[in-house]
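Chemist: predicted coordinates and the sequence they were generated for:
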Amino acid sequence: MSSTTDELSQQPLANIQEKLESLRTEIHQHNYQYYALDNPSIPDAEYDRLLRELQSIEAAFPDLVTSDSPSQRVGSEPLSAFSQVTHILPMLSLDNAFNDEELSEFNRRIVDRLDKDSDFVIEYACEPKLDGIAVSLIYRHGLLDLGATRGDGTTGEDITLNVRTIGSIPLKLQGEGFPDVLEVRGEIYMPKASFDQLNEQAKEKDEKVFVNPRNAAAGSLRQLDPRITAQRALEMCAYSVGFVEGGTVPESHTDILYALSSWGFRINQEMTKVQGVQACSEYFSQLSQKRDSLPYDIDGIVFKVNNMQLQQELGFVSRAPRWAIAMKFPAQEEITQLLDVEFQVGRTGTITPVARLQPVFVGGVTVSNATLHNSDEVDRLGVRIGDSVVIRRAGDVIPKVVSVVESRRPSGAKPVVFPQQCPVCESPVVRIEGEAAIRCTGGLICAAQVKEAIKHYVSRKAMDVDGLGDKLVEQLVDGEHIQSVADLYDLQQDQLAAMERMGEKSASNLLKALEASKQTQLARFIFALGIREVGEATARNLANYFGDLPGLMQANAEELQKINDVGPVVADFIVDFFGEERNRQMIQTLQEKGVSWPVIEVEIRIQPLEGLTYVLTGTLQKLNRNQAKEHLQALGATVAGSVSKKTHCVIAGENAGSKLSKAESLGINILHEDDLIELLTSHGVDV
Ligand code: JCF
């Protein structure tokens, strides 16, 4: 039970002191578990309760508030300006390497300089280079005294009040053995997920969005009002020690980082040490593979001579240490010119502005188009044709225009004008209330919509017609050979053979493929219809629920919403689709031409795995985790994140870890990926 402040006020001050201290120690410990180790030891609600208890006692006894109290992270009163801080030791930058050759040269220079034989093996510490803001933190007798930005390396800005709001920065060092004065250096960054969330919120409120996580971190840290910083999900990862007085730190870089971890800092989980430069290059390749799946942005890998004695011998050249190098990944952002904006009509009539760009190499590929989404986005960017624009391509995400370099705007830059008529069929364009998108009203008289609908219908995950590519669909529609998906089944050998880049053989293969595609699955057919917002997974859920088409065609919005994934918006799209006479007519025509599927047995659609809890762990090779989860859910199973006595079965992929051992110890059924596939297939799931 927590004591109320009323009860406390009856007690001697010494008891209250003691209570405060124990609460603070406990909360510091949970902070460390949560922020530094990413391994929370108590639920969030319990943590909040402890913090509130501390706050209420402190509110009743303001004289007992200390500056290292965990309550002091909410942000203090705004400043009018940041003051300048001169770093005790300059904060250096790192030299860069852009390929293996430059990395080898770095190693060779070191070996030479240390006067070793050319085959001498150096031990290197390796870690990802976080793309954030470098900071210096000074601790005196274990208490955070000063936080400063790197600035120009010699002087930075005093951001103490802001860094105090960041959970992974200890206000007070824990453990023992730290020097009297300790400078910790690290990178403050915003995790990708927090960045996306922040921008979502900003968009909703019509506020400025940040271009990338690094800018968001910088913007959040540069707030004169620390209460704003406190609301931003920033983290710090420690990467080295600077000034030290009244004590010592370990003799290798990796051991220094482990010491920092024991004193309460977050260090990078990927950090490791390797022998020799060849191993550095292997580490680089491994991390390149992993880059997109890390929860934060990195722009390269830092390699450091691990032995501090050797670091000292090597020393510095001008502004960078000789003992470290940053090997860079391909840039994820580049500047290029916006040549034009074209308007593309999608399957459901949505008209999307597409940026035609001067081709630019970014994120590992050459990009010449990028979506501009809709008119809101164009307004937000304030982009004009002819502008220099910043393109970002992170991971497998489609490239986007993130900002305009206004200072480089040429005099002839032209505004982007949205069409009043469909650029393909000239039907009027409407902007649906509450939506940013504009839409062509032409429906099936619009060749663009017809083409997209047919491309979708024949695509691999829909009817899977082999040998009917996008180009051929366009030719067939433009040549007026087909006007709808139903016409596909009337195509003739000589018609097809006469098309560009087709011959007798490919024509007859295509006819065979069309014929074969008529025997299909209900889920594929529903997906192939191209109902707005009905993707593969939703189509599968609809198929499993209704078993056949008539039930689905007659369902009302209320019934549809009982199905996994189907909310009010999708339900309305489905009802509208089947409410249209010409869609019902088309379905009938397709069935008359032979399109059919096995009806799903009623027993199967009463959710055979209902009431059973499955847990997925490890890496699956054939299915991805989400697919496996959706398949299980469609059969009625609950998919949980952790193993307990209630777990019916654990699906163990490769390198399964603690969840698997826990399942073993509890005697829970364990299935491997092939068993899962067999289970799913036996219940009629098409995997
Ligand atoms: O993660 C970083 N951005 C990072 C920057 C990591 C390091 O180990 C660094 C650094 C900048 C300078 N080390 C130095 C010496």
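Modeler: The structure has been received and is ready for your questions.

Chemist: mind listing what's buried in stretch 117-136?
Modeler: 122-136 (16 or more other Cβ atoms under 10 Å). Placement of C-beta: from N, CA and C, glycine included.

Chemist: find the closest residue to the ligand in the stretch 201-350 of the chain.
Modeler: The nearest approach of the stretch 201-350 of the chain to the ligand comes at residue 239, 3.6 Å away (Cβ to the nearest ligand atom).

Chemist: what's the neighbour count on residue 213?
Modeler: The number of residues packed near residue 213 is 24, by other Cβ atoms under 10 Å.

Chemist: no wait, residue 197
Modeler: So residue 197, with other Cβ under 10 Å, has 13 neighbours.

Chemist: with only the CA atoms kept, save stretch 62-72 in PDB.
Modeler: Taking Å, rounded to 0.1, in the frame of the first residue of the first chain, the C-alpha atoms of stretch 62-72 are listed here in PDB:
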ATOM      1  CA  PRO A  62       8.900  21.000  -1.700                       C
ATOM      2  CA  ASP A  63      12.000  21.600   0.400                       C
ATOM      3  CA  LEU A  64      12.900  17.900   0.000                       C
ATOM      4  CA  VAL A  65      12.900  18.000  -3.800                       C
ATOM      5  CA  THR A  66      16.400  17.200  -5.100                       C
ATOM      6  CA  SER A  67      17.700  18.000  -8.600                       C
ATOM      7  CA  ASP A  68      18.400  14.300  -9.200                       C
ATOM      8  CA  SER A  69      14.900  13.200  -8.400                       C
ATOM      9  CA  PRO A  70      13.300  11.200 -11.200                       C
ATOM     10  CA  SER A  71      10.300  13.600 -10.900                       C
ATOM     11  CA  GLN A  72      12.500  16.400 -12.300                       C
END
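
Chemist: what parts of this protein come near the ligand?
Modeler: 92, 94, 127, 129-130, 187, 239-240, 302, 321, 324 (Cβ under 6 Å from any ligand atom).

Chemist: one more time with 5 Å, if that's ok
Modeler: Within the chain, the positions lying close to the ligand (Cβ under 5 Å from any ligand atom) are 94, 129-130, 187, 239, 302.

Chemist: picking up where we left off before, list the ones among the buried residues of stretch 117-136 that fall in strands.
Modeler: 123-130, 133-136 (DSSP state E).

Chemist: from these, which two are the most distant?
Modeler: 123 and 133 (29.3 Å; Cβ to Cβ).

Chemist: can you tell me how far residue 628 is from residue 14?
Modeler: Distance of residue 628 to residue 14, given as Cβ to Cβ, to the nearest Å: 58 Å.

Chemist: who has more neighbours out of those two?
Modeler: residue 628 (22 against 8).

Chemist: wait, what's in contact with the nearest residue to residue 72 once chain neighbours are set aside?
Modeler: Spatial nearest neighbour of residue 72, chain neighbours left out: residue 164 (6.4 Å); criterion: Cβ to Cβ, 6 or more residues apart in numbering. Counting by Cβ atoms under 8 Å, 6 or more residues apart in numbering, residue 164 touches 72-73, 76, 144, 147, 171, 226.

Chemist: again with residue 494
Modeler: By Cβ under 8 Å, 6+ apart, the neighbours of residue 494 are residue 507.

Chemist: I'd like the mean pLDDT over the helix or strand containing it, please.
Modeler: Using DSSP states H and E, residue 494 sits within helix 493-497. Averaging pLDDT along helix 493-497 gives 94.

Chemist: which parts of it are buried?
Modeler: Buried-residue list, helix 493-497, by 16+ other Cβ under 10 Å: residue 496.

Chemist: using CSV, write out every CA atom in that helix.
Modeler: The C-alpha trace of helix 493-497 is given here as CSV (Å, rounded to 0.1, in the frame of the first residue of the first chain):
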residue,chain,number,x,y,z
GLN,A,493,-5.4,-16.8,-80.6
ASP,A,494,-5.0,-14.7,-83.8
GLN,A,495,-5.9,-11.5,-81.9
LEU,A,496,-3.2,-12.1,-79.3
ALA,A,497,-0.6,-13.3,-81.8
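
Chemist: next helix or strand past that helix?
Modeler: helix 504-517.

Chemist: give me the contacts around that following helix.
Modeler: Residues contacting helix 504-517 (Cβ under 8 Å, 6+ apart): 458, 463-468, 488-489, 491, 493-494, 496-497, 499, 502.

Chemist: list the buried residues of that helix.
Modeler: 507, 510-511, 513-514, 517.

Chemist: buried stuff in stretch 584-602?
Modeler: 586-587, 590, 593, 595, 597, 600.

Chemist: sorry, slip of the keys, the one I care about is stretch 218-233.
Modeler: 218-221, 223, 226, 228-230, 232-233.

Chemist: again, but for stretch 646-654
Modeler: Of the residues in stretch 646-654, those buried (16+ other Cβ under 10 Å) are 647, 649-653.

Chemist: so who does residue 139 touch?
Modeler: 145, 173, 178, 181-184.

Chemist: who wins for neighbours among those?
Modeler: Going by other Cβ under 10 Å, residue 184 tops these with 27 neighbours.

Chemist: out of everything not next to it in sequence, what's closest to residue 398?
Modeler: residue 371 (6.4 Å).

Chemist: ok, the one you found - contacts?
Modeler: Contacts of residue 371 by Cβ under 8 Å, 6+ apart are 352-355, 398-400.

Chemist: what bridges to it?
Modeler: Residue 371 has the following beta-bridge partners by DSSP bridges: residue 354, residue 400.

Chemist: just checking, what packs against the longest helix seen in the chain?
Modeler: In the chain, with assignment by DSSP state H, the single longest helix is helix 13-31. Packing contacts for helix 13-31, counted by 3 or more Cβ pairs under 8 Å, 6 or more residues apart in numbering; DSSP states H and E, involve helix 5-9, helix 44-60.
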